[in-house]
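Engineer: Quick one, fold the following:
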Amino acid sequence: MRLNINLLKATATGALGGLLFGFDTVVIAGAIDAIVRLYHLSSGDKGFTVAIGLVGTVIGALSAGVVGQKLGGRETLRITAVLYVISAIGCGLANGWDTFLIFRFIGGLGIGASSVLGPVYIAELAPAKWRGRLVAAFQFNVVLGILLAYTSNYGIRLLHLGATEWRWQVGIAAVPAVAFLILLFGIPRSPRWSASKNQIDDALAVLKMMGEPNPEAELADIRAAIEQEHASAHEPVFRWKYRYPLFLAISIGAFNQLAGINAILYYLNDMFAAAGFSQVSGDQQAIAIGATNLLFTMIGMSVIDKIGRKTLLLIGAAGTASCLAGVAWLFATKSHPGALVWILVTYIAFFALSQGAVIWVYIGEVFPNVVRSKGQGVGSASHWFMNAIIAQGFPIVVLLMNTSAPFIFFAVMTVIQFVVVLLFYPETKGQTLEALQRQLVKE
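Structural biologist: Residues are numbered from 1 along each chain as shown. Now for the predicted structure:
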């Protein structure tokens, strides 16, 4: 089958939540130092300012599956868009540290929910042949959002807005959030969700709209899978038969953060400052890293359905472990600071090609239809829970020990990831969601 305009439109809209996810997640990197100075924050308070949004993401991710199963992914994504708008405006206008924390937490709820529902929505629309590349569009938008955040921070800094600079940096996210909300009113429901609610005509109509070559056969397969699982909105995901999908989702979510990616993205300006770069120069280097992230995510998207998920994860784990060891060595020896940019660029390239392109695709594939949103929530919550711990602890560890210590830890964790993926992860490329369900769910 060929991609048609309806499928592309629905994918692009669902993936736009990823752009806001990326933008809101790392835009704090440019504003955090100004917030620390304004509110006289300690290293612990600084970490908490970053981590509070991630606490929201854990709650949002865990809640999204239940809400999404009941209301549908499309409707729940509309709720996340509203949360994004409220958060951006509230953070920009915050009149105190506590107020800023509240609105950053609200934004975290939206990020966590969209990280679950965006990939699930796309996966349930996409045919097996295109699913990897289309779901990876969500990750593409995540890294595009990261690049736009770094570029926005740099551009706003050049305007010399003084004390209000950080407010513009965090508040400008309201613009894409409003666009996301508007576009969500122009896409259909997931056919798998409609079928699970016995809305058969609606499901068939959407399959035809998406260009499915044999919509009746696909619908029959979907319904058979639902009936086999005795589909119910009350089906719990924490059941013994889902042990393998749960292991895969939780481990890939945790390993994604144990590779150190978001610690680097959140505290990138601090790392460049420690290496001797100026504030503006650090912003420029951040843009280079964001651009590398975008480029290699595109490469990962283009090969994920050819090379496969498992092979990409193995390549990435080997590459990122080497780069993390290099960063640790650089800070431990306090030598060759100019090499930091190149090591980080190489690290980002390996990460984006592998973990970045694979994680949301993989989590969205390994669970059966009846608990897919909930399962995606568990995997996403694992990702965000580990993210929150690392974001909170990173500045404290650097203060108490040294800058190289966390990177030694990240390098060791990535080596462990390589072994676990090699021994325990199945390859999912080219298989329908229903075929994967039969393979991975064991009584």
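Engineer: could you pull out the helices for the stretch 1-150 of the chain?
Structural biologist: Applying DSSP state H, counting those that start in this stretch to the stretch 1-150 of the chain gives helices spanning 5-26, 28-39, 43-71, 73-93, 97-125, 128-158.
Engineer: Kindly calculate the angle that the first one makes with helix 43-71.
Structural biologist: This means helix 5-26. 160 degrees (axes from the mean of the first three to the mean of the last three C-alpha atoms, to 10 degrees).
Engineer: elements contacting helix 5-26?
Structural biologist: When contacts are defined as 3 or more C-beta pairs under 8 Å, 6 or more residues apart in numbering; DSSP states H and E, helix 5-26 packs onto helix 73-93, helix 97-125, helix 128-158, helix 174-183, helix 261-266. Using the backbone N, CA and C atoms, a C-beta is placed for each residue, glycine as well.
Engineer: Could I get the pLDDT score of the nearest residue to Asp305 once chain neighbours are set aside?
Structural biologist: The spatially closest residue to Asp305, leaving aside those adjacent along the chain, is Gly132, at 4.1 Å (C-beta to C-beta, 6 or more residues apart in numbering). Gly132 carries a pLDDT score of 74 in this model.
Engineer: Start at 52, not 1
Structural biologist: From this message on, residue numbering opens at 52, which makes the last subject Gly183.
Engineer: Just the C-alphas of the lowest-mean-pLDDT helix or strand in the chain, formatted as PDB.
Structural biologist: Least confident helix or strand, the chain: helix 319-325 with a mean of 72, by mean pLDDT, DSSP states H and E. Taking Å, rounded to 0.1, in the frame of the first residue of the first chain, the C-alpha atoms of helix 319-325 are listed here in PDB:
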ATOM      1  CA  LEU A 319      23.700  21.000  28.700                       C
ATOM      2  CA  ASN A 320      24.400  24.700  29.400                       C
ATOM      3  CA  ASP A 321      25.900  23.800  32.800                       C
ATOM      4  CA  MET A 322      28.200  21.200  31.100                       C
ATOM      5  CA  PHE A 323      29.400  23.700  28.600                       C
ATOM      6  CA  ALA A 324      30.000  26.300  31.300                       C
ATOM      7  CA  ALA A 325      32.000  23.700  33.300                       C
END
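Engineer: Can you give me the separation between the residue nearest the centre of the chain and Asn307?
Structural biologist: Centroid check for the chain by C-alpha atoms, centre = their mean gives Ser166 as the closest residue, at 5.5 Å. Using C-beta to C-beta, to the nearest Å, Ser166 is found at 11 Å from Asn307.
Engineer: Need the overlap of contacts for the two.
Structural biologist: The contact sets of Ser166 and Asn307 overlap at His434 (C-beta atoms under 8 Å, 6 or more residues apart in numbering).
Engineer: Break down the stretch 202-351 of the chain into its helices, ranges please.
Structural biologist: With DSSP H, counting those that start in this stretch as the criterion, the stretch 202-351 of the chain has helices spanning 216-222, 225-234, 242-247, 251-260, 266-279, 294-309, 312-317, 319-325, 330-358.
Engineer: I should have written the stretch 352-494 of the chain there, sorry.
Structural biologist: Counting by DSSP H, counting those that start in this stretch, the helices of the stretch 352-494 of the chain are 360-384, 390-402, 408-417, 423-451, 455-475, 484-491.
Engineer: Make TSV out of those helices and add distance to Leu258, mean pLDDT and mean neighbour count.
Structural biologist: Shown next, in TSV, are the helices of the stretch 352-494 of the chain (distance: least, C-beta to C-beta, whole Å; pLDDT from 0 to 100; neighbours: other C-beta atoms under 10 Å):
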stretch	distance to Leu258	mean pLDDT	mean neighbour count
helix 360-384	25	93	21
helix 390-402	35	90	21
helix 408-417	18	84	29
helix 423-451	17	83	24
helix 455-475	33	94	18
helix 484-491	13	81	18
